[in-house]
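Enquirer: With the input below, show me the fold.
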Amino acid sequence: YDSGLIQKIDLAASSPVEVPIATLPQSATGLAAAGDLVFASDPSGAWHTHYVFSSDGTMLDSREWNYYSEEFIWNGVNRRMYFYRDNMSPDDLHFEEIGTDGKLGEGGETPGHGDDDFIHPFRVAPDGSIVVLSNGSIYDAHSMDRLGNSLSESMTDAAWLGSVLFTVREDGRTVRRWDGATYAPGPTHLLPGTSARL
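Expert: Purely as a prediction, here's the structure:
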(Lines give C-alpha, C1' and ligand atoms only; values in the text may rest on other atoms or scores of the structure.)
Protein backbone atom coordinates (compact mmCIF):
# COMPACT_ATOMS: atom_id res chain seq x y z
CA TYR A 1 0.00 0.00 0.00
CA ASP A 2 1.04 3.66 -0.43
CA SER A 3 1.70 3.79 3.31
CA GLY A 4 4.44 1.15 2.93
CA LEU A 5 2.22 -1.52 4.49
CA ILE A 6 2.75 -5.07 3.24
CA GLN A 7 -0.02 -7.58 3.91
CA LYS A 8 -0.51 -11.28 3.20
CA ILE A 9 -3.49 -13.56 2.69
CA ASP A 10 -3.35 -17.06 4.17
CA LEU A 11 -5.12 -19.13 1.51
CA ALA A 12 -5.43 -22.09 3.91
CA ALA A 13 -7.53 -20.04 6.36
CA SER A 14 -11.28 -20.76 6.50
CA SER A 15 -11.96 -17.07 5.86
CA PRO A 16 -8.98 -15.62 3.94
CA VAL A 17 -8.36 -12.01 4.96
CA GLU A 18 -5.46 -9.59 4.61
CA VAL A 19 -3.10 -9.62 7.57
CA PRO A 20 -0.35 -6.98 8.04
CA ILE A 21 3.16 -8.43 8.14
CA ALA A 22 5.51 -5.46 7.65
CA THR A 23 5.67 -1.74 6.96
CA LEU A 24 8.35 -0.11 4.84
CA PRO A 25 9.55 3.43 5.64
CA GLN A 26 8.08 4.61 2.29
CA SER A 27 5.82 3.24 -0.45
CA ALA A 28 7.10 0.04 -1.99
CA THR A 29 8.72 0.38 -5.41
CA GLY A 30 9.13 -3.38 -5.76
CA LEU A 31 7.73 -6.55 -4.22
CA ALA A 32 8.52 -10.17 -5.10
CA ALA A 33 8.51 -13.63 -3.59
CA ALA A 34 11.99 -15.08 -3.09
CA GLY A 35 11.03 -18.67 -2.37
CA ASP A 36 9.51 -18.59 1.12
CA LEU A 37 10.89 -15.07 1.72
CA VAL A 38 9.50 -11.66 0.77
CA PHE A 39 11.68 -9.17 -1.12
CA ALA A 40 10.78 -5.48 -1.25
CA SER A 41 12.31 -2.14 -2.20
CA ASP A 42 11.51 1.48 -1.42
CA PRO A 43 13.14 4.88 -2.07
CA SER A 44 14.24 5.40 1.54
CA GLY A 45 17.87 5.64 2.56
CA ALA A 46 20.57 6.31 0.00
CA TRP A 47 19.18 5.80 -3.54
CA HIS A 48 16.89 2.81 -2.89
CA THR A 49 16.80 0.23 -0.12
CA HIS A 50 16.21 -3.50 -0.67
CA TYR A 51 14.65 -5.57 2.13
CA VAL A 52 14.15 -9.27 2.88
CA PHE A 53 11.39 -10.43 5.23
CA SER A 54 10.36 -13.83 6.49
CA SER A 55 6.81 -14.90 5.66
CA ASP A 56 5.70 -13.73 9.13
CA GLY A 57 7.09 -10.23 8.49
CA THR A 58 10.37 -10.41 10.43
CA MET A 59 12.93 -8.23 8.65
CA LEU A 60 15.96 -10.43 8.00
CA ASP A 61 18.15 -7.93 6.13
CA SER A 62 18.20 -4.63 4.26
CA ARG A 63 20.71 -2.78 2.09
CA GLU A 64 20.86 0.87 1.04
CA TRP A 65 22.72 2.24 -2.02
CA ASN A 66 20.54 0.06 -4.18
CA TYR A 67 18.43 0.41 -7.30
CA TYR A 68 14.87 0.82 -8.48
CA SER A 69 13.57 -1.62 -11.09
CA GLU A 70 10.16 -2.01 -12.71
CA GLU A 71 10.38 -5.72 -12.00
CA PHE A 72 12.34 -8.10 -9.80
CA ILE A 73 12.73 -11.71 -11.00
CA TRP A 74 13.69 -14.42 -8.50
CA ASN A 75 15.58 -17.58 -9.44
CA GLY A 76 15.66 -20.19 -6.69
CA VAL A 77 18.40 -22.30 -8.29
CA ASN A 78 20.91 -19.43 -8.20
CA ARG A 79 19.27 -17.83 -5.14
CA ARG A 80 19.50 -14.53 -7.00
CA MET A 81 17.08 -11.67 -7.46
CA TYR A 82 17.56 -10.18 -10.94
CA PHE A 83 16.66 -6.59 -11.77
CA TYR A 84 17.51 -3.59 -13.94
CA ARG A 85 19.01 -0.33 -12.72
CA ASP A 86 16.04 1.70 -14.00
CA ASN A 87 16.67 4.80 -11.91
CA MET A 88 20.18 5.50 -13.25
CA SER A 89 22.00 5.75 -16.54
CA PRO A 90 23.46 3.73 -18.06
CA ASP A 91 21.07 0.90 -17.31
CA ASP A 92 22.38 -2.61 -16.63
CA LEU A 93 21.11 -6.02 -15.60
CA HIS A 94 21.94 -6.68 -11.93
CA PHE A 95 21.58 -9.50 -9.43
CA GLU A 96 21.62 -9.73 -5.66
CA GLU A 97 22.03 -13.04 -3.85
CA ILE A 98 19.68 -13.92 -0.99
CA GLY A 99 20.76 -16.68 1.39
CA THR A 100 18.41 -19.23 2.91
CA ASP A 101 18.72 -17.19 6.12
CA GLY A 102 17.40 -14.11 4.30
CA LYS A 103 20.73 -12.29 4.29
CA LEU A 104 21.58 -10.22 1.22
CA GLY A 105 24.82 -11.50 -0.25
CA GLU A 106 26.99 -10.69 -3.24
CA GLY A 107 25.72 -8.58 -6.09
CA GLY A 108 26.82 -8.13 -9.65
CA GLU A 109 25.93 -6.65 -13.02
CA THR A 110 26.48 -7.00 -16.73
CA PRO A 111 29.97 -5.76 -17.63
CA GLY A 112 29.01 -3.70 -20.69
CA HIS A 113 27.46 -0.74 -18.81
CA GLY A 114 24.62 0.30 -21.07
CA ASP A 115 25.78 -1.37 -24.29
CA ASP A 116 22.46 -3.23 -24.72
CA ASP A 117 18.76 -2.35 -24.71
CA PHE A 118 17.79 -3.05 -21.12
CA ILE A 119 14.05 -2.68 -21.67
CA HIS A 120 11.41 -4.67 -19.78
CA PRO A 121 10.51 -7.44 -19.72
CA PHE A 122 13.41 -9.81 -19.15
CA ARG A 123 13.07 -13.43 -18.09
CA VAL A 124 15.34 -15.89 -16.24
CA ALA A 125 15.39 -19.57 -17.20
CA PRO A 126 14.02 -21.80 -14.40
CA ASP A 127 17.30 -23.74 -14.29
CA GLY A 128 19.20 -20.48 -13.67
CA SER A 129 21.30 -20.79 -16.81
CA ILE A 130 20.36 -17.74 -18.89
CA VAL A 131 18.55 -14.42 -18.89
CA VAL A 132 16.65 -13.37 -22.02
CA LEU A 133 16.08 -9.66 -22.68
CA SER A 134 13.10 -8.24 -24.56
CA ASN A 135 15.28 -7.48 -27.61
CA GLY A 136 16.38 -11.14 -27.82
CA SER A 137 19.81 -10.76 -26.23
CA ILE A 138 20.84 -13.75 -24.09
CA TYR A 139 23.08 -13.44 -21.00
CA ASP A 140 24.74 -16.06 -18.86
CA ALA A 141 22.83 -15.87 -15.57
CA HIS A 142 25.99 -16.71 -13.56
CA SER A 143 28.76 -14.63 -15.14
CA MET A 144 26.38 -11.95 -16.49
CA ASP A 145 28.28 -11.99 -19.80
CA ARG A 146 26.38 -11.60 -23.04
CA LEU A 147 26.37 -14.86 -24.99
CA GLY A 148 27.12 -15.06 -28.70
CA ASN A 149 23.70 -16.39 -29.65
CA SER A 150 20.50 -14.40 -29.38
CA LEU A 151 16.88 -14.67 -30.45
CA SER A 152 16.22 -13.33 -33.94
CA GLU A 153 13.19 -11.29 -32.86
CA SER A 154 12.00 -9.20 -29.92
CA MET A 155 9.50 -10.46 -27.37
CA THR A 156 6.94 -9.15 -24.91
CA ASP A 157 7.14 -12.21 -22.68
CA ALA A 158 8.96 -15.53 -22.40
CA ALA A 159 8.46 -18.79 -20.52
CA TRP A 160 9.99 -22.25 -20.46
CA LEU A 161 8.17 -25.55 -20.79
CA GLY A 162 10.75 -27.94 -19.39
CA SER A 163 13.93 -26.82 -21.11
CA VAL A 164 12.18 -25.38 -24.19
CA LEU A 165 11.88 -21.60 -24.52
CA PHE A 166 8.70 -19.97 -25.84
CA THR A 167 8.20 -16.24 -26.49
CA VAL A 168 5.42 -13.89 -27.49
CA ARG A 169 6.30 -11.51 -30.33
CA GLU A 170 5.79 -7.78 -30.03
CA ASP A 171 2.39 -8.16 -31.76
CA GLY A 172 1.23 -9.82 -28.52
CA ARG A 173 -0.39 -12.67 -30.46
CA THR A 174 2.33 -14.83 -31.98
CA VAL A 175 3.92 -17.48 -29.76
CA ARG A 176 7.22 -18.94 -31.02
CA ARG A 177 9.19 -21.98 -29.88
CA TRP A 178 13.00 -21.75 -29.92
CA ASP A 179 14.91 -24.94 -30.65
CA GLY A 180 18.19 -26.35 -29.42
CA ALA A 181 21.20 -24.75 -27.79
CA THR A 182 21.42 -22.14 -30.59
CA TYR A 183 17.78 -21.06 -30.12
CA ALA A 184 16.90 -21.54 -33.77
CA PRO A 185 13.43 -20.16 -34.64
CA GLY A 186 10.88 -22.95 -34.34
CA PRO A 187 7.19 -23.06 -35.24
CA THR A 188 4.74 -20.33 -34.30
CA HIS A 189 1.15 -20.33 -33.09
CA LEU A 190 -1.27 -17.41 -33.45
CA LEU A 191 -3.34 -16.67 -30.35
CA PRO A 192 -7.03 -15.73 -30.78
CA GLY A 193 -6.48 -12.57 -28.70
CA THR A 194 -3.69 -10.42 -27.28
CA SER A 195 -1.67 -12.12 -24.56
CA ALA A 196 -1.52 -10.68 -21.05
CA ARG A 197 1.29 -13.01 -19.94
CA LEU A 198 2.96 -16.22 -21.10
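Enquirer: center of the chain, which residue is that?
Expert: Centroid-nearest residue in the chain: Ile73, 1.6 Å away (criterion: CA atoms, centre = their mean).
Enquirer: what's across from the closest residue to Ala125 other than its chain neighbours in the sheet?
Expert: With sequence-adjacent residues excluded and distances taken as CB to CB, 6 or more residues apart in numbering, Ala125 is closest to Trp160, at 5.9 Å. Any C-beta I mention is one placed from the backbone N, CA and C, and that applies to glycine too. Residues in a beta bridge with Trp160, per DSSP bridges, are Leu165.
Enquirer: What of Ser150?
Expert: On the basis of DSSP bridges, Ser150 is bridged to Ser137.
Enquirer: same deal with Asp61?
Expert: Val52.
Enquirer: Which of the helices or strands spans the residue nearest to the centre of the chain?
Expert: With secondary structure defined by DSSP states H and E, Ile73 is part of strand 72-75.
Enquirer: Then Leu147?
Expert: Per DSSP H and E, Leu147 falls inside strand 146-150.
Enquirer: what separates that strand from the chain centre, distance-wise?
Expert: Relative to its chain's centre, strand 146-150 lies at 20 Å (CA atoms, centre = their mean, to the nearest Å).
Enquirer: now stretch 185-198
Expert: How far stretch 185-198 lies from its chain's middle: 22 Å, per CA atoms, centre = their mean.
Enquirer: same check, this time on stretch 36-55
Expert: On the basis of CA atoms, centre = their mean, stretch 36-55 is displaced by 14 Å from the centre of the chain it belongs to.
Enquirer: was I right about Pro126 contacting Val77?
Expert: Yes. The criterion here is CB atoms under 8 Å, and Pro126 meets it with Val77 at 7.3 Å.
Enquirer: And for stretch 54-69, what's in contact with it?
Expert: Residues from elsewhere that reach stretch 54-69 (CB atoms under 8 Å, 6 or more residues apart in numbering): 6, 8, 20-22, 29-30, 36-38, 41, 43, 45-53, 83-88, 94, 96, 101-104.
Enquirer: Can you say which of those are buried?
Expert: Using 16 or more other CB atoms under 10 Å as the burial test, the contacts of stretch 54-69 include 6, 8, 21-22, 29-30, 37-38, 41, 48-53, 83-86, 94, 96, 102, 104 as buried.
Enquirer: coming back round to it: contacting residues for the residue nearest to the centre of the chain?
Expert: Each residue near Ile73 by CB under 8 Å, 6+ apart is listed here: 32, 81-83, 122-124.
Enquirer: mind listing what's buried in stretch 142-159?
Expert: Buried residues in stretch 142-159, defined by neighbour count with 16+ other CB under 10 Å: 144, 146, 149-151, 155-158.
Enquirer: swap in stretch 4-24?
Expert: Counting neighbours by 16+ other CB under 10 Å, one finds that the buried residues in stretch 4-24 are 6, 8, 21-22, 24.
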